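**Student:** heads up, no residue letters with this:
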């Protein structure tokens, strides 16, 4: 369970790939029910940090505690159990192209729940209604627009009722109108499912709509944290550069 309302606690996290030091000294906390935006330029290490949180990448040093447990100290079985409590929304949506939308959503339930067929059908329809795509239930991923694929990816992630959501560039490649739609969807999912979320992005439209708090990453370290309105007024030139793009 979370400790003192903190569901993710990252301390002194460092990660290098060869001579490239990607994460230099990461310290970050995610509060219960909070939506934290991690803001940074492309290639700044934001996605590497997410992969450290779910145990896909092992840090060189430092600790990543998720729901009160150090990820690096978990056994394989314990890590797999912990991952069931974490939803990871990939940039592409990561749908199985050979499966229909219905089958994509059924798949995690069949593998990870004890629901019967009627309960699975009801749960699939519920999450599709959540993302506004019930009419796409029998379509193939190739028949969906980029924004629709993103929303189905969200539906597949929330279908297992995770406690934590990690969003990796959820609006990449989308036009401004669709970006707003996806951003408001993130807010609705937080409100309905009471999840705690980290949203990795460099999209300021998304950051403004979804964030309770923003942490700005530069050269492998967080240099500034605060609300959108607080950071918008900062005199730091690097931080201000993001707001000038809005």
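**Tutor:** Yep, that arrived. Everything quoted here is computed from the prediction, not taken from an experiment.
**Student:** Let me see the domain layout of this structure.
**Tutor:** 6-85+162-243, 98-161 (automatic domain parsing).
**Student:** Mean neighbour count added to these, as JSON lines?
**Tutor:** To be clear about C-beta, it is placed using only N, CA and C from the backbone, and glycine gets the same treatment. Formatted as JSON lines, the domains of the chain follow (neighbours: other C-beta atoms under 10 Å):
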{"stretch": "domain 6-85+162-243", "mean neighbour count": "18"}
{"stretch": "domain 98-161", "mean neighbour count": "17"}
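**Student:** Rebuild the ones you listed as a markdown table, extending it with mean pLDDT.
**Tutor:** As requested, these are exported to a markdown table (pLDDT from 0 to 100):
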| stretch | mean pLDDT |
| --- | --- |
| domain 6-85+162-243 | 92 |
| domain 98-161 | 92 |
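**Student:** quick one: the strands in this structure?
**Tutor:** All strands of the chain, identified by DSSP state E, fall at 6-17, 20-31, 35-39, 61-66, 69-70, 86-89, 164-168, 196-201, 213-218, 221-226.
**Student:** so what secondary structure elements neighbour the third one?
**Tutor:** The helices and strands touching strand 35-39, judged by 3 or more C-beta pairs under 8 Å, 6 or more residues apart in numbering; DSSP states H and E, are strand 20-31, helix 176-193, strand 196-201, helix 204-210, strand 213-218.
**Student:** what's the angle between it and strand 164-168?
**Tutor:** Going by axes from the mean of the first three to the mean of the last three C-alpha atoms, to 10 degrees, strand 35-39 is angled at 30 degrees with respect to strand 164-168.
**Student:** partner strands of strand 35-39, parallel or antiparallel?
**Tutor:** strand 196-201 (parallel), strand 213-218 (parallel) (DSSP bridges).
**Student:** tell me the angle of the first one relative to strand 20-31?
**Tutor:** Inter-element angle recorded for strand 196-201 and strand 20-31: 140 degrees (by the same axes, to 10 degrees).
**Student:** roughly how far out does strand 196-201 sit from the chain middle?
**Tutor:** 5 Å (C-alpha atoms, centre = their mean, to the nearest Å).
**Student:** Could you shift the numbering so residue one becomes 657, and keep it that way?
**Tutor:** Will do, 657 is the new start, and the previous item becomes strand 852-857.
**Student:** That one to strand 662-673, inter-axis angle?
**Tutor:** 40 degrees.
**Student:** what does strand 852-857 contact?
**Tutor:** Contacts to strand 852-857, defined as C-beta atoms under 8 Å, 6 or more residues apart in numbering, come from residues 663-664, 686-696, 702-703, 705-706, 709, 819-827, 842, 846, 862-863, 866-867.
**Student:** contacting residues for residue 694?
**Tutor:** 684, 702, 705, 854, 855, 856, 857, 870, 871, 873.
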